[in-house]
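Engineer: give me coordinates for this.
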Amino acid sequence: MPRPASLTHWGAFTADVRDGDLASVSPAEGDADPSPLLGNLPGSIRHRSRITGPAVRRGWLEHGPGPTDVRGADEFVAVSWDELTELLADELSRVVDAHGNEAIYGGSYGWASAGRFHHAQSQVHRFLKMLGGYTFSRHSYSLGATGVIMPRVVGTHDDLFKRSTDWNVIAAHTDLMVCFGGVAMKNTAINHGGTTAHPARDALRRLRERGGRIVSFSPLRDDVDGDCEWLAPVPGTDVAIMLALAYVLATESLVDRAFLDRYCTGYDRFERYVLGLDDGVPKSPEWVEPICGLPADQLTELARRMASSRTLVTVSWSLQRVRHGEQAPWMGLTLAAMLGQIGFPGGGFGHGYGSMNEPGLPPLRCRLPALPQGLNPVRSFIPVAAVSDMLLHPGEPFDFNGLRLTYPDIRLVYWAGGNPFHHHQDIPRLRRALGRPDTIVVHEPYWTAMAKHADIVVPSTTAYEREDFSGSRNDPMFVAMPALTEPYADARDDYATFSALAHRLGFGEQFTEGRTARQWLAHLYEKWSAELDFDVPTFEEFWSTGSLRLPTEDGLSLLGDFRADPVANRLGTPSGRIEIFSADIDGFGYDDCAGHPRWYEPQEWLGGARAADHPLHLVANQPSSRLHGQLDGGATSQASKVQGREPIRIHPEAADRRGIVDGDVVRVFNDRGACLAGAVLDDRLRPDVVQLPTGAWYDPADAADVDAMCVHGNPNVLTADVGTSSLAQGCTGAHVLVEIEKFTGTLPPVRAHEPPVILHR
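Structural biologist: Numbers count the residues shown, from 1 in each chain. The predicted structure follows:
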């Protein structure tokens, strides 16, 4: 049979389809560095964790909506689509009539499919807006701190990724790439709307061949593949290290003051802090050495090299997923500004290289087709990582980005296209929070932990059971995504679900505009193509061909236009320049985010009091075997497991002190919770650091106990649910202190991918 092509977040592929499933997949031609995550696709459509039909939690069906402590442990009852539509429509009407639209939280945070029409968030947000609105979330778990601080500093945060310095420019011009958080190749497989090329590895190869050098500040050696100068500081001390580098530049007259005077504001205030003129603490390499564990003379020599080379300072996204996470990208940009190379080819600043396959890729010269969502009549919102706080503390005030806001009283949570048990911290607290609303609705193809905590479960199709198209703003290929097989069991497209609900609630024509899903694809394509200033084929021609190459802006250097003319291309900040000191932030009076970058001692770090009881620093980074928690049951993800548990990397010295050998199942714990994981001994990390990736599906030993140990290895039973600062309230789940011991009891089974009990009437 023919081998149809489609697209995932981690690459385009061709597939052999047999018996309603993907039997095998192959990377699309032309991908020089295809992602191994494609190996999770075979068998995914008919995986045992698929939701086969509509289901309602038994307690909700028997007793009606209301708070409960049994979500996640109850049985489900199979219902028909007609019954589900009636129940859900009636409950939405009840909540709106009794409590107002503000009482609906349209969470729906997650990547879902790469498709642009069947994109789950677009569908649910369009539906809820037409219903009358909903409480929404701002920013992302990945970039919660960056999304708030960088618009204050450079007037935007999107352009740091969308219009970042091109990989080809880096390969040709960068002499020294100083990477805080490394440049992890595993993450360059991924892009929101799909990706068809992976150029990062080749670009770094060309940089090295030209004589360029890479310096990686990371507790993990493999945060840079290949040759680099690996400096492994105490985790969480990157900002202090950058301050020490800035001190050398300032005291040895290596600062480009002409650049600072013309393109920046507030440097003098910041320099006083670096020199210790006000607090009496010079932020010198000697000051930082006992904090970060790196020799002072090594940092001094590096600062001099940075000033004498074409230097690119990069900060990974992971560094802002900690307490005071606003400081790392702000300080990295400030350090680059002191060098005066921002806007020059191969120099300046980068945020997110090695965090996703977007920074370094040329942006499209046009936008992409998108489903219109309309306006939300409700203005109530929260920072995305504050969902537990919102559910647990209705009516209480909170700070965010200079505002004093109030948490709404949420009665119904509507989730489509995401799994907060992957993203959110302190899962026991999240479970308590999810017990408070009257009703939780989840659209899902799979029985994830979030689906198991729902009251109404809507079985969605996967991207391979429906027609769509997709592309990314930094990828030249726009790709048709034909349905590869029929929908599994009784699954439906979200569009079909929302269309039926909208008709039942009286706004069906408004929601559908009289179009089928295929007609929407043609309509969106034709409307988009009519606005372009270049010719593209008709929709039917595009669909027949399967892909379309779009023009890109090649050769960009971040803020190059601003460098060329700072008046004509002034930034979107109050000063129009880079704000090393922000009078606005200073005016907020926050004690956890000052008006310029500074060092705040972390709460979770090896230099603090908590380390006495929890002497290992756990890095909870992104997995190499899957995207977040997607397709955790797939072959690539499962092959990485140790005795069925998520692998945790431990330095041989730390393992030996605890009597742990390679392949042991270990208990990872702190005062918040515990999980089991499989020990992998590895000397490519600091001896006092362990690494347990996120994304193992949450699997409590006792589903009825919110504090139960996760037997599968989800690190978010260990992480603290606290915001980055009063400014951004971003996610802080990247770092946590733990202890580890060999697990000697009877190993509990892993049931993460097993469906709950389904009762049939």
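Engineer: for the one helix or strand residue 740 maps to, name the packing helices and strands.
Structural biologist: Assigning secondary structure by DSSP states H and E places residue 740 in strand 735-742. Counting by 3 or more Cβ pairs under 8 Å, 6 or more residues apart in numbering; DSSP states H and E, the packing neighbours recorded for strand 735-742 are strand 616-619, strand 665-669. Quick note: C-beta positions are derived from backbone N, CA and C, even for glycine.
Engineer: tell me which of those sits most buried.
Structural biologist: strand 616-619 (a mean of 24; mean count of other Cβ atoms under 10 Å).
Engineer: tell me the helix or strand right after that strand.
Structural biologist: Counting by DSSP H and E, what follows strand 616-619 is helix 635-639.
Engineer: the closest residue to residue 631 other than its chain neighbours and residue 243, how far apart?
Structural biologist: Sequence neighbours aside, residue 40 is the residue nearest to residue 631 in space, at 3.9 Å (criterion: Cβ to Cβ, 6 or more residues apart in numbering). Distance from residue 40 to residue 243, counting by Cβ to Cβ, to the nearest Å: 42 Å.
Engineer: cool, and residue 732?
Structural biologist: For residue 732, the distance to residue 243 - Cβ to Cβ - is 21 Å.
Engineer: list the residues that contact the residue sitting furthest away from the middle of the chain.
Structural biologist: For the chain, the largest distance from the centre (Cα atoms, centre = their mean) belongs to residue 761, which lies 40.5 Å off. Residue 761 is in contact with 77, 78, counting by Cβ atoms under 8 Å, 6 or more residues apart in numbering.
Engineer: flag the helix or strand of this structure with the lowest per-element mean pLDDT.
Structural biologist: Counting by mean pLDDT, DSSP states H and E, the chain has its least confident helix or strand at strand 5-8, which shows a mean of 87.
Engineer: surely residue 151 meets residue 157?
Structural biologist: Yes: judged on Cβ atoms under 8 Å, residue 151 makes contact with residue 157 at a distance of 5.7 Å.
Engineer: higher neighbour count, these two?
Structural biologist: residue 157 (22 against 16; other Cβ atoms under 10 Å).
Engineer: name all residues that make contact with that one.
Structural biologist: When contacts are counted by Cβ under 8 Å, 6+ apart, residue 157 touches 143, 146, 147, 150, 151.
Engineer: ok, now residue 484?
Structural biologist: The neighbours of residue 484, taking Cβ under 8 Å, 6+ apart as the test, are 4, 6, 15, 17, 22, 464, 465.
Engineer: what is the nearest of the residues you listed to residue 637?
Structural biologist: Set against residue 637, the nearest of the contacts of residue 484 by Cβ to Cβ is residue 22 (15.1 Å).
Engineer: the closest one should be in a strand, yeah?
Structural biologist: Yes: Residue 22 sits within a strand when classified using DSSP: H, G, I helix; E, B strand; the rest coil.
Engineer: for it, give the beta-bridge partners.
Structural biologist: residue 17 (DSSP bridges).
Engineer: cool, the one 4 residues further on as well?
Structural biologist: When bridges are called by DSSP bridges, residue 26 pairs up with residue 14.
Engineer: where's it relative to residue 7, distance?
Structural biologist: Distance, residue 26 to residue 7, using Cβ to Cβ: 14 Å.
Engineer: now residue 755
Structural biologist: 28 Å.
Engineer: between these two, which one's more packed in?
Structural biologist: The residue with more neighbours, out of residue 755 and residue 7, is residue 7; 29 against 17, by other Cβ under 10 Å.
Engineer: contact partners for that one?
Structural biologist: 13, 114, 194, 196, 463, 470, 479, 481.
Engineer: same thing with residue 386?
Structural biologist: Residues near residue 386 by Cβ under 8 Å, 6+ apart: 398, 407, 723, 729.
Engineer: does residue 596 touch residue 580 like I think?
Structural biologist: Yes: between residue 596 and residue 580 there is a contact under Cβ under 8 Å: 6.1 Å.
Engineer: so for the two, which residues contact both of them?
Structural biologist: Common neighbours of residue 596 and residue 580, using Cβ under 8 Å, 6+ apart, are 266, 269, 270, 334.
Engineer: could you dump those residues to CSV with neighbour count?
Structural biologist: Formatted as CSV, the shared contacts of residue 596 and residue 580 follow (neighbours: other Cβ atoms under 10 Å):
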residue, neighbour count
266, 21
269, 17
270, 25
334, 28
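Engineer: TSV for the residues you listed, including distance to residue 251?
Structural biologist: Converted to TSV, the shared contacts of residue 596 and residue 580 look like this (distance: Cβ to Cβ, whole Å):
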residue	distance to residue 251
266	19
269	17
270	14
334	16
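Engineer: let's see which of these end up in helices.
Structural biologist: Of those, the ones assigned to helices by DSSP state H are 269, 270, 334.
Engineer: which residue is the nearest non-sequential neighbour of the second one?
Structural biologist: I take that to be residue 270. Nearest to residue 270 is residue 596, by Cβ to Cβ, 6+ apart, at 4.4 Å.
Engineer: over to the first one?
Structural biologist: Spatial nearest neighbour of residue 269, excluding adjacent residues (Cβ to Cβ, 6+ apart): residue 581 at 4.2 Å.
Engineer: burial of that neighbour, as a residue count?
Structural biologist: 22.
Engineer: can you point out the buried residues in the one helix or strand residue 519 maps to?
Structural biologist: Using DSSP H and E, residue 519 maps to helix 517-530. Judged by neighbour count using 16 or more other Cβ atoms under 10 Å, the buried positions of helix 517-530 are 517, 520, 521, 522, 523, 524, 525, 528, 529.
Engineer: quick one: contacts for the third one?
Structural biologist: What it means is residue 521. 117, 467, 468, 469, 539.
Engineer: how close does it get to residue 532?
Structural biologist: According to Cβ to Cβ, residue 521 stands 17 Å off from residue 532.
Engineer: and for the fifth one?
Structural biologist: Using Cβ to Cβ, we find residue 523 at a distance of 16 Å from residue 532.
Engineer: and what of the first one?
Structural biologist: Separation of residue 517 from residue 532 (Cβ to Cβ): 23 Å.
Engineer: with residue 121 instead?
Structural biologist: On the measure of Cβ to Cβ, residue 121 and residue 532 end up 25 Å apart.
Engineer: can you report phi and psi for residue 756?
Structural biologist: Taking degrees, to the nearest 10, you get phi -70, psi 180 for the backbone angles of residue 756.
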